[in-house]
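**Q** what follows is a predicted protein model with its sequence.
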Amino acid sequence: MLGRALRVTALLVTVFTGAQYPAKAADLVKIGVLNTSGDIAVHIANEKGYFKQEGIEAEFIVFDASAKMIPSLGVGDLDVGGGATAVSLFNAIDRKVGVRIVADKGRTEPGYVYQSVMIRKELVTSGRFKSWSDLKGLRFAQGGAGVGPLSILNQAALKGGVKYEEIEKLFMSFSQQVAALKSGAIDGSIMNEPYKTLVAQEGLAVEFAPTEEVVSMYELSLLFFGDKFRQERSDVARRFMRAFLKANRDYLNALENGRWRKDGAADEVIDIFSRKLNIPLELARNITPQATDPDGKPALESIRRDLLFFQEQGEVANKAMKVEDCLDLSFAEAAARELGPFARKK
């Protein structure tokens, strides 16, 4: 009888304690997104409950340029961000603004024709543009000044014996580039999905070459952590990275030979892709997806090439700066160990 009374008392204490002390609230993580393909893994992690499983409440904040995330990451108003390599990123790190590259979010690889050199169709059909040497004098658009794809344009120019300065650069969003191709205001662009498929379908531009033919394994998008997040909330940052890599692997399991799988295994990811990027489902199905690393390892040679280009252009003044100064890959490495080797699902 005494033993039964003790068990009942213990049960009542447990119930009473639970009523007085509710479960710990989830940790809020503020995530900057551009709602481009590079954000697919964070959206999958949220939609499939991986953040919730890690005790994280994700708050998404939309930016129109990754450069605008950097100050917020530096002061801790934003925890996580992402985007391409850029002058603004390297200079911010050099000025000790608290931000680091922590993982890969998306890149090109052989067979993944996600990014291409697109030339206005009229120039191709008329014979004005036939080879890389014909880049001379063209008006080329990019998303902004000081962004990574300009280093690809430089490499393309070198292939044709053209000086980088001999190509006119104009800066506008991809959506504005579609209209500019239609009006003839620009002659070409290094264009990502879904826009490259869109302009090809509308007969506005022709894919001259995938950028893989110019620069292989190009780093399209990177994951950033603010220093306050990675240093002062390192446990939350570790849990975030675990959820991110789990979602990243789900994305990879939706791909086969550089395309979406056709057996229905990609349907959930394509649906998330369509809704979060606000593009028609049919267009989302027809694009060529980006590649990514299952362990979040960035393509360091690609980042190194971009940094060197910006240093040569005088846009990054610190000539001694190295890629290693910009990295903290410890979170991705730890998460990859915990998740184990990636095995693609059959």
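**A** Thanks, I have it. Residues are numbered from 1 along each chain as shown.

**Q** mind jotting down where the helices sit in the stretch 101-250 of the chain?
**A** Secondary structure of the stretch 101-250 of the chain (DSSP state H, counting those that start in this stretch): helices at 121-125, 149-159, 174-183, 195-201, 227, 234-252.

**Q** may I see these arranged in CSV, with mean pLDDT as well?
**A** Shown next, in CSV, are the helices of the stretch 101-250 of the chain (pLDDT from 0 to 100):
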stretch, mean pLDDT
helix 121-125, 97
helix 149-159, 97
helix 174-183, 96
helix 195-201, 95
helix 227, 97
helix 234-252, 98
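
**Q** low-confidence stretches in the stretch 1-150 of the chain?
**A** Low-confidence segments of the stretch 1-150 of the chain (pLDDT under 70): 1-23.

**Q** what ranges do the strands span in it?
**A** Secondary structure of the stretch 1-150 of the chain (DSSP state E, counting those that start in this stretch): strands located at 27-33, 56-62, 80-83, 99-107, 115-120, 139-142.

**Q** between those, which one is nearest to residue 251?
**A** strand 99-107 (9.2 Å; CB to CB). For every residue, glycine as well, the C-beta is placed using N, CA and C.

**Q** and that closest one, what does it pack onto?
**A** Here strand 99-107 touches helix 69-75, helix 87-94, strand 219-226, helix 234-252, helix 330-339, going by 3 or more CB pairs under 8 Å, 6 or more residues apart in numbering; DSSP states H and E.

**Q** at 6 Å what do you get?
**A** Applying 3 or more CB pairs under 6 Å, 6 or more residues apart in numbering; DSSP states H and E, one finds that strand 99-107 contacts helix 69-75, strand 219-226.

**Q** quick one: that strand to chain centroid distance?
**A** From the chain centre to the centre of strand 99-107 is a distance of 7 Å (CA atoms, centre = their mean, to the nearest Å).

**Q** same thing with stretch 116-129?
**A** With CA atoms, centre = their mean, you get 28 Å for stretch 116-129.

**Q** tell me which residues are up against that stretch.
**A** Stretch 116-129 is contacted from outside by 181, 187-191, 196, 203, 205-210, using CB atoms under 6 Å, 6 or more residues apart in numbering.

**Q** so can I have CSV of those showing distance to residue 304 and neighbour count?
**A** Compiled in CSV, these are given as follows (distance: CB to CB, whole Å; neighbours: other CB atoms under 10 Å):
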residue, distance to residue 304, neighbour count
181, 32, 26
187, 30, 25
188, 26, 26
189, 24, 29
190, 19, 24
191, 24, 27
196, 26, 24
203, 38, 11
205, 30, 29
206, 31, 19
207, 27, 16
208, 26, 20
209, 23, 15
210, 21, 20
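
**Q** which ones among those lie within strands?
**A** 188-191, 205-210 (DSSP state E).

**Q** export those to JSON lines and tack on distance to residue 339?
**A** Below are the ones in strands among the contacts of stretch 116-129 laid out as JSON lines (distance: CB to CB, whole Å):
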{"residue": "188", "distance to residue 339": "41"}
{"residue": "189", "distance to residue 339": "37"}
{"residue": "190", "distance to residue 339": "33"}
{"residue": "191", "distance to residue 339": "34"}
{"residue": "205", "distance to residue 339": "40"}
{"residue": "206", "distance to residue 339": "42"}
{"residue": "207", "distance to residue 339": "36"}
{"residue": "208", "distance to residue 339": "39"}
{"residue": "209", "distance to residue 339": "36"}
{"residue": "210", "distance to residue 339": "31"}
